[in-house]
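# mind folding the following:
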Amino acid sequence: MFRTITTTFCLAAAALSFGAQDQADICKPAGKVIKRFAGDLIPFKLQALPKGDKERYTVQVQDGTVVVSGNSPVALCHGFYAALKEQGLGINSWSGNRVEPGAWKADFKTQGSTPFRYRYCFNVVTYGYTLPYWDWKRWEQEIDYMALHGINMPLALVAQEAITARVFKRLGLTEEEIQGYLVGPAHLPWMRMGNISGVDGPMPQEWHKDQVALQHKILKRMRDLDMTPVCPGFAGFVPEALKRVKPEVKLVKTSWCNGHYCNWMVTPDQPIFKEIGTMFIQEWEKEFGKCSHYCIDSFNEMEVPFPPHGTPERYELMAQYGDAVYSSIRDANPDAVWFMQGWMFGFQRNIWDKKTLAALVSKVPDDKMMLLDEAVDYTECRWKNGVNWEFYDGFMNKPWIYSVIPNMGGKCGLTGILEFYANGHLKALESPKKGRLVGHGMAPEGIENNQVLYELVADAAWSEKQIDLQKWLNNYSVCRYGKAAAKDADIAKFWELMCKSAYGSFTDHPRYNWQFSLSGARKGSINTNAEFYKAIESFAAAADRYKDSPLYTVDLLEYAAAYLAGKVETLVIASEKAIQEGDLDRSREIEKDVEKYMLAMDRLLESHPLWRLERWVDFARKHGNGDRKLTDYYEMNAKRIVSIWGVRAGQPVDDYSARIWSGLIRDYYLPRRRQNLKGRYNPADKVDVQKWELDWVTKSKGVSPVETYKNPAKSAVRLIKETSAVTEAALAPGAGKQVGAWSPDMVSTEWKEVSWPVSASDIRESGGIRFRFTSGNHKLEISEVRVEMDGEVTARVKQDGTAGTPSSNNSYRFTVPAGTSGNNGCYIFARVRTVGGTQSNGAVELIPAKK
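Residues are numbered from 1 along each chain as shown. Got it, this is the predicted structure:
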């Protein structure tokens, strides 16, 4: 739900002229979108153009009225919006809108078109990290956002489980068996992809009716705007209880995160796969009408039990799988297209080599399949393993969509190479191996963050020429803050420096160290270099000039929170170093500032329209419709996904979402740190922190109250100035980058296993780790070290070593195999014990790789 942010407007009459009936067919729904956005501020009329090969628009002013001509409802909406932005007269965003009222220049003219038939949006897991509890009001705003931004192919998965339940009931399963299999609403995406089961189950039966009614509204609005919604299909995942009614069925138990989570799969080579798949689409279309594209993904991030590479059996089986999936769609709707996400194309090249994918799609007619090259930013900026359309020879003549994943988990940290997001798609358009490139998309895991990036990606989809990033950013600032931003040196400096820091680098999981349960004296993954802090200081220097700009204030709150988050990270490192050195008094003093500035960050964000735990929880609780048990259940599920994620703390994906939200900081991150420190300062006071985390998810209700700042913008500027002196100069020098630590409360005189979360990129680039003793009376002995990425062991060293005075064999060298990811968690495990007592402190540091 938006908090409406507007400026003071003068009213002007809106003129909606649709002309002939065939024009009204596309003009009327577009006019309603524009009216909801601009109100009565700008007189306009819409006209229909012939369809043509490309979606296009023209805009001009006639007798004081803005005349928008376009050949689709989305082209009309985007044409109006693009023309508004071209003049710097406003913006549509998640955190609020700005529309400057009044007549446009009499001689204004512009036009535009897109080289892409489809402009796609959403990720399967957006339905967990952002969308699960939205109501119709919020969905209407999002569909308007899509239309104005030129998006015409949204993923539409609401109510999938309602149809799934009907199919399972037709197969003979009981309601108890069905609902017991289904997971909590925020975790449905991973159940749909076969990764998990049992998380916050059983699902309440009441959920289905609410979702079916909502999906009817969503699909009607999308179809009114001539969008192409991608709806769900059956990917093969079923309750284990299916064996009761179909004992002949062979179920494969899936494994995700090395067995921490599982589901059950009917493989496509069994007749029942097609039977259920066809049944699902029949039930879907019986409820919601025909759909042209069905998304089916059976192999997300899972090891697949295929025969070995190079064997005929492997490729025959893959062809059989592809044929079965497509046939399940065709038998229900011969006109429909199988839509397939392509995360694994770059993520699991060891499985999805060229011949394997070619076999999978070989029996599917070219026009009946569409592939989403989901993560080009990862193949180009993170994995750097070559673009998929070239590796797979233009995707074997199947239509495909160029897409990026600009967010993981709904994280709020600033990151993303803006230059790439502006112009990376040109490489695909110009490639001789582009094949049948038909679309441009973005598939963020979570939205309502990093808004400049999404605005840029949406504009790129309507451009086949190089975007001048500096000019684009200048225009973006004018659209958000007003004409004064065009020549504002402080705003210009902000963008220049950010493009040399967070917006000039790619971090797949941007998190600060205090967002982990046990961070140790290590830095998080966000690029908070010197330019990062200088950029935000420059932005804040403009505060007095934009005191009447609501969107400037919103952005200032976000950037100030990012600034304070980085400074808290620096303080946490200093505190952890002090603990390792045995200087507990110094650590306690530093922690006073940690607490002060975490609470200040939280209080600032309480005035933010989006970044509040209360807003998230309110969305969830409303689905209970006043039923106390239901509202508490939905709140629990909503809190779980943004904290421990899974059924218990400490599993892979823990702390994955990493939101920088008011409420979450003061009620979860900060209290959890306090609990951790109790045992660090006095082993007798050690707390079971994982139990505390789980109790917060399952027992806490609502969000604690906090008083907002009377003037949030002034407070943000003050806090930036106040914390500018918190620098890394406060840190003691170390022998290497520290990624973990041990202390008396972590160790024992008996052998035990300890672990530390680490950055996957740090591990890949290092040559191992070293245990450095810093203080205490008892040495640490180490017998084994191993690395686990995504729950799988990727390196193991068995070696007897000692960290003490002196140390011996305390360096453990290893390298992880090429192609390992760590996308869902990366940890170092060590088998250790202390000798003669547990008073031992030390650091775990990276060793540079041998060259």
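
# gap between the host helix or strand of Y597 and the chain center?
Take DSSP states H and E as the rule and Y597 turns out to sit in helix 584-605. Chain-centre distance of helix 584-605: 28 Å, with C-alpha atoms, centre = their mean, to the nearest Å.

# how about whichever helix or strand comes after it: buried residues?
Sequence order places helix 613-622 as the next helix or strand after helix 584-605, per DSSP H and E. Neighbour counts over helix 613-622 (16 or more other C-beta atoms under 10 Å) mark 613-621 as buried. Yep, even glycine has a C-beta here, placed from its N, CA and C like the rest.

# what's helix 613-622 in contact with?
With contacts defined as C-beta atoms under 8 Å, 6 or more residues apart in numbering, helix 613-622 is touched by 1, 132-135, 138, 185-186, 631, 634-635, 637-639, 642, 659, 661-664, 667, 702-703.

# ok, which stretches of the stretch 151-300 of the chain are helices?
Under the criterion DSSP state H, counting those that start in this stretch, the stretch 151-300 of the chain contains helices at 160-170, 175-181, 188-192, 206-224, 242-245, 271-288.

# quick one: which of those is nearest G626?
Closest to G626 of the helices of the stretch 151-300 of the chain, according to C-beta to C-beta: helix 206-224, at 11.4 Å.

# excluding its backbone neighbours, what's nearest K169?
Of all residues not flanking K169 in the chain, I178 sits nearest, at 6.6 Å (C-beta to C-beta, 6 or more residues apart in numbering).

# tally of neighbours for that neighbour?
22 (other C-beta atoms under 10 Å).

# show me what contacts it?
I178 touches 164-165, 168-169, 239, counting by C-beta under 8 Å, 6+ apart.

# again with Y261
Residues near Y261 by C-beta under 8 Å, 6+ apart: 190, 195-197, 199, 255, 646.

# how about a cut-off of 7 Å?
For Y261, the contact set (C-beta atoms under 7 Å, 6 or more residues apart in numbering) comprises 195-196.

# how far away is it from K596?
For Y261, the distance to K596 (C-beta to C-beta, to the nearest Å) stands at 39 Å.

# same question for I763.
Counting by C-beta to C-beta - I763 and K596 are separated by 33 Å.

# can you check E537 too?
20 Å.

# more crowded one of these two?
E537 (19 against 16).

# out of the helices of the stretch 151-300 of the chain, the one nearest P671 is which?
Set against P671 and scored by C-beta to C-beta, the helices of the stretch 151-300 of the chain come closest in helix 188-192, at 27.6 Å.

# with just CA atoms, put the closest one into CSV.
Taking Å, rounded to 0.1, in the frame of the first residue of the first chain, the C-alpha atoms of helix 188-192 are listed here in CSV:
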residue,chain,number,x,y,z
LEU,A,188,4.4,-20.8,-1.6
PRO,A,189,7.0,-20.0,-4.4
TRP,A,190,9.4,-22.6,-3.1
MET,A,191,6.8,-25.2,-2.7
ARG,A,192,5.6,-24.5,-6.3
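
# name the nearest residue to Y326, sequence neighbours excluded.
V364 (4.5 Å).

# that neighbour: how many residues sit nearby?
By the measure other C-beta under 10 Å, the count of residues near V364 is 22.

# kindly state the pLDDT recorded for it?
Note on V364: pLDDT of 98.

# cool, and the one 5 residues further on?
Among the per-residue scores, M369 holds a pLDDT of 98.

# and if you look at L731?
For L731, pLDDT reads 52.

# next: F306.
Per-residue confidence (pLDDT) for F306: 79.

# re the thing from before, dump the contacts of I178 into JSON lines; add neighbour count and pLDDT as well.
Shown next, in JSON lines, are the contacts of I178 (neighbours: other C-beta atoms under 10 Å; pLDDT from 0 to 100):
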{"residue": "T164", "neighbour count": "26", "pLDDT": "98"}
{"residue": "A165", "neighbour count": "21", "pLDDT": "97"}
{"residue": "F168", "neighbour count": "26", "pLDDT": "98"}
{"residue": "K169", "neighbour count": "13", "pLDDT": "98"}
{"residue": "P239", "neighbour count": "21", "pLDDT": "97"}
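
# okay, now the unreliable bits of the chain?
Within the chain, the stretches with pLDDT under 70 are 1-24, 303-305, 519, 581-582, 728-735, 850-851.

# swap the cut-off to 80 and go again
The chain contains residues with pLDDT under 80 at 1-24, 302-306, 518-521, 580-583, 585, 649-650, 728-736, 806-808, 850-851.

# which non-adjacent residue is nearest I91?
Among residues not flanking I91 along the chain, C479 sits closest, at 4.1 Å (C-beta to C-beta, 6+ apart).

# quick revisit: could I get the helix holding Y597 in CSV with only the CA atoms?
Extracted C-alpha coordinates of helix 584-605, given in CSV (Å, rounded to 0.1, in the frame of the first residue of the first chain):
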residue,chain,number,x,y,z
LEU,A,584,35.2,-5.9,27.1
ASP,A,585,34.9,-2.4,28.6
ARG,A,586,35.8,-0.9,25.2
SER,A,587,33.4,-3.2,23.5
ARG,A,588,30.6,-2.1,25.8
GLU,A,589,31.3,1.5,25.1
ILE,A,590,31.2,1.0,21.4
GLU,A,591,28.0,-1.0,21.6
LYS,A,592,26.3,2.1,23.1
ASP,A,593,26.9,3.8,19.8
VAL,A,594,25.8,0.7,17.9
GLU,A,595,22.5,0.8,19.7
LYS,A,596,22.1,4.6,19.4
TYR,A,597,22.5,4.6,15.7
MET,A,598,20.5,1.5,15.0
LEU,A,599,17.6,3.0,16.8
ALA,A,600,18.2,6.3,15.0
MET,A,601,18.1,4.5,11.7
ASP,A,602,14.9,2.7,12.7
ARG,A,603,13.3,5.9,13.9
LEU,A,604,14.1,7.7,10.6
LEU,A,605,12.5,4.9,8.6
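
# ok, and what's touching it?
The contact list for helix 584-605, computed with C-beta under 7 Å, 6+ apart, reads 557, 560-561, 564-565, 567-568, 571-572, 574-575, 578-579, 611-612, 661-662, 665-666, 669-670, 677, 681, 706, 708-709, 712, 715-716, 719, 723.

# just the ones of the residues you listed in strands?
Using DSSP state E, no member of these falls in strands.

# please narrow these to those residing in helices.
Counting by DSSP state H, the part of the contacts of helix 584-605 found in helices is 557, 560-561, 564-565, 567-568, 571-572, 574-575, 578-579, 670, 677, 681, 712, 715-716, 719, 723.

# filter those residues to the buried ones?
Neighbour-count burial (16+ other C-beta under 10 Å) applied to those gives 557, 560-561, 564-565, 567-568, 571-572, 574-575, 578-579, 670, 677, 681, 712, 715-716, 719, 723.

# I figured W400 hits D373, correct?
Yes. W400 lies in contact with D373 (C-beta atoms under 7 Å); the separation is 5.6 Å.

# joint contacts of these two?
Common contact partners of W400 and D373 (C-beta under 7 Å, 6+ apart): W389.

# give me the neighbour count for Y476.
For Y476, the count of nearby residues is 21 (other C-beta under 10 Å).

# cool, the one 10 residues further on as well?
Neighbourhood size, A486 [other C-beta under 10 Å]: 14.

# do I have it right that it meets V478?
Yes. Using C-beta under 7 Å, A486 is in contact with V478, at 5.1 Å.

# residues shared between the contacts of the two?
Counting by C-beta under 7 Å, 6+ apart, the contacts common to A486 and V478 are G88.

# circling back to that earlier point, which SS class is the residue nearest to Y326?
Here V364 is recorded as coil under DSSP: H, G, I helix; E, B strand; the rest coil.
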